[in-house]
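# sequence and predicted model, in that order:
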Amino acid sequence: MQFGSHLIGDAAPPVAYSSVPPTSGWHTSGAPPIGVHESPPGLSEPQQVATLEAGGVVITHGPLEESTRADLVEAVEARWADRTVVTPYAELSDGAVALTSWGALQHCTDVDLTAIEAFVATYAEPIESHG
(Lines give C-alpha, C1' and ligand atoms only; values in the text may rest on other atoms or scores of the structure.)
Protein backbone atom coordinates (compact mmCIF):
# COMPACT_ATOMS: atom_id res chain seq x y z
CA MET A 1 0.00 0.00 0.00
CA GLN A 2 1.03 3.53 -0.62
CA PHE A 3 1.09 6.34 1.90
CA GLY A 4 -0.98 9.38 1.13
CA SER A 5 -2.97 12.10 2.76
CA HIS A 6 -5.79 14.45 1.85
CA LEU A 7 -5.30 16.80 -1.07
CA ILE A 8 -6.61 20.35 -0.96
CA GLY A 9 -8.94 21.34 -3.81
CA ASP A 10 -7.83 20.02 -7.19
CA ALA A 11 -4.19 19.61 -6.17
CA ALA A 12 -2.31 16.81 -7.88
CA PRO A 13 -0.73 14.05 -5.81
CA PRO A 14 2.94 14.84 -5.09
CA VAL A 15 4.02 11.34 -6.17
CA ALA A 16 2.74 8.87 -8.77
CA TYR A 17 0.39 6.12 -7.66
CA SER A 18 1.95 2.70 -7.32
CA SER A 19 -0.82 0.90 -9.25
CA VAL A 20 -3.11 1.56 -12.22
CA PRO A 21 -5.79 2.29 -11.13
CA PRO A 22 -4.69 3.33 -7.65
CA THR A 23 -5.58 1.31 -4.54
CA SER A 24 -4.26 3.73 -1.91
CA GLY A 25 -2.38 6.98 -1.62
CA TRP A 26 -3.19 10.65 -1.91
CA HIS A 27 -6.90 11.43 -2.16
CA THR A 28 -9.46 14.21 -2.08
CA SER A 29 -10.99 15.24 1.19
CA GLY A 30 -14.69 15.25 1.87
CA ALA A 31 -17.41 12.78 1.05
CA PRO A 32 -16.71 10.12 -1.59
CA PRO A 33 -18.73 10.44 -4.81
CA ILE A 34 -20.35 6.99 -4.92
CA GLY A 35 -22.66 5.99 -7.76
CA VAL A 36 -22.43 5.71 -11.52
CA HIS A 37 -20.45 8.37 -13.33
CA GLU A 38 -21.34 8.40 -17.01
CA SER A 39 -19.19 11.01 -18.68
CA PRO A 40 -15.51 10.67 -19.52
CA PRO A 41 -13.05 11.41 -18.13
CA GLY A 42 -14.87 10.06 -15.08
CA LEU A 43 -13.59 10.46 -11.55
CA SER A 44 -10.04 11.56 -10.98
CA GLU A 45 -7.64 9.16 -9.32
CA PRO A 46 -7.72 11.19 -6.05
CA GLN A 47 -11.54 10.95 -6.08
CA GLN A 48 -11.34 7.19 -6.66
CA VAL A 49 -8.95 6.76 -3.72
CA ALA A 50 -11.27 8.81 -1.48
CA THR A 51 -13.99 6.22 -2.18
CA LEU A 52 -11.58 3.42 -1.30
CA GLU A 53 -10.60 5.12 1.97
CA ALA A 54 -14.29 5.19 2.93
CA GLY A 55 -14.60 1.43 2.38
CA GLY A 56 -16.08 1.42 -1.10
CA VAL A 57 -15.10 -0.38 -4.29
CA VAL A 58 -14.32 1.46 -7.51
CA ILE A 59 -15.19 -0.24 -10.78
CA THR A 60 -13.23 1.46 -13.53
CA HIS A 61 -13.61 0.58 -17.18
CA GLY A 62 -12.29 1.35 -20.62
CA PRO A 63 -14.70 2.07 -23.48
CA LEU A 64 -17.63 -0.38 -23.34
CA GLU A 65 -20.31 -1.33 -25.82
CA GLU A 66 -23.54 0.37 -24.79
CA SER A 67 -25.37 -2.89 -23.97
CA THR A 68 -22.46 -4.09 -21.82
CA ARG A 69 -22.32 -0.78 -19.99
CA ALA A 70 -26.09 -0.89 -19.43
CA ASP A 71 -25.79 -4.40 -17.92
CA LEU A 72 -23.01 -3.20 -15.60
CA VAL A 73 -24.94 -0.12 -14.49
CA GLU A 74 -28.12 -2.13 -13.92
CA ALA A 75 -26.29 -4.68 -11.74
CA VAL A 76 -24.48 -2.00 -9.74
CA GLU A 77 -27.61 0.05 -9.12
CA ALA A 78 -29.63 -3.03 -8.12
CA ARG A 79 -27.03 -4.75 -5.91
CA TRP A 80 -24.19 -2.49 -4.79
CA ALA A 81 -25.31 1.14 -5.07
CA ASP A 82 -24.38 1.92 -1.46
CA ARG A 83 -20.80 0.71 -1.75
CA THR A 84 -19.49 1.19 -5.28
CA VAL A 85 -18.45 3.71 -7.90
CA VAL A 86 -18.52 3.04 -11.62
CA THR A 87 -16.38 5.35 -13.70
CA PRO A 88 -14.68 5.44 -17.08
CA TYR A 89 -10.90 5.34 -16.82
CA ALA A 90 -8.72 6.37 -19.74
CA GLU A 91 -5.87 4.06 -18.69
CA LEU A 92 -7.91 0.93 -19.54
CA SER A 93 -8.32 -0.53 -23.02
CA ASP A 94 -11.62 -1.23 -24.79
CA GLY A 95 -13.79 -3.58 -22.74
CA ALA A 96 -11.34 -3.86 -19.84
CA VAL A 97 -12.49 -3.48 -16.23
CA ALA A 98 -10.53 -3.01 -13.03
CA LEU A 99 -11.89 -3.50 -9.52
CA THR A 100 -10.21 -1.67 -6.66
CA SER A 101 -10.58 -1.45 -2.92
CA TRP A 102 -8.13 -0.12 -0.32
CA GLY A 103 -5.01 -2.17 -1.04
CA ALA A 104 -6.59 -4.61 -3.52
CA LEU A 105 -6.76 -4.65 -7.33
CA GLN A 106 -8.28 -7.11 -9.80
CA HIS A 107 -8.12 -6.67 -13.58
CA CYS A 108 -10.77 -8.25 -15.83
CA THR A 109 -10.71 -8.44 -19.62
CA ASP A 110 -14.44 -7.68 -19.76
CA VAL A 111 -17.47 -6.99 -17.55
CA ASP A 112 -17.65 -10.13 -15.40
CA LEU A 113 -20.58 -9.74 -13.00
CA THR A 114 -19.59 -12.88 -11.08
CA ALA A 115 -16.09 -11.48 -10.44
CA ILE A 116 -17.55 -8.10 -9.48
CA GLU A 117 -20.00 -9.76 -7.07
CA ALA A 118 -17.18 -11.68 -5.39
CA PHE A 119 -14.90 -8.62 -5.16
CA VAL A 120 -17.62 -6.40 -3.71
CA ALA A 121 -18.68 -9.10 -1.22
CA THR A 122 -15.07 -9.48 -0.08
CA TYR A 123 -13.95 -5.85 0.11
CA ALA A 124 -16.81 -3.33 0.13
CA GLU A 125 -18.55 -1.72 3.05
CA PRO A 126 -21.65 0.49 2.72
CA ILE A 127 -20.67 4.16 2.57
CA GLU A 128 -22.75 7.27 2.82
CA SER A 129 -23.64 8.82 -0.55
CA HIS A 130 -22.71 12.44 -1.04
CA GLY A 131 -22.06 12.44 -4.78
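Perfect, I can see it now. Numbers count the residues shown, from 1 in each chain.

# now do the SS call for the nearest residue to Ile59 once chain neighbours are set aside.
Excluding the flanking residues, the one nearest Ile59 by Cβ to Cβ, 6 or more residues apart in numbering is Val86, at 4.8 Å. (C-beta placed from N, C-alpha, C; glycine too.) What DSSP: H, G, I helix; E, B strand; the rest coil gives for Val86 is strand.

# neighbours around Val86, how many?
26 (other Cβ atoms under 10 Å).

# correct me if wrong: it contacts Leu72.
Yes. Here Val86 lies in contact with Leu72, judged by Cβ atoms under 8 Å, at a distance of 6.5 Å.

# mutual contacts of the two, please.
Residues touching both Val86 and Leu72 (Cβ atoms under 8 Å, 6 or more residues apart in numbering) are Ile59, His61.

# tell me the spacing between the spatially most central residue of the chain and Ala124.
In the chain, the centroid-proximal residue (Cα atoms, centre = their mean) is Val58; its distance is 1.9 Å. Counting by Cβ to Cβ, to the nearest Å, the gap from Val58 to Ala124 is 10 Å.
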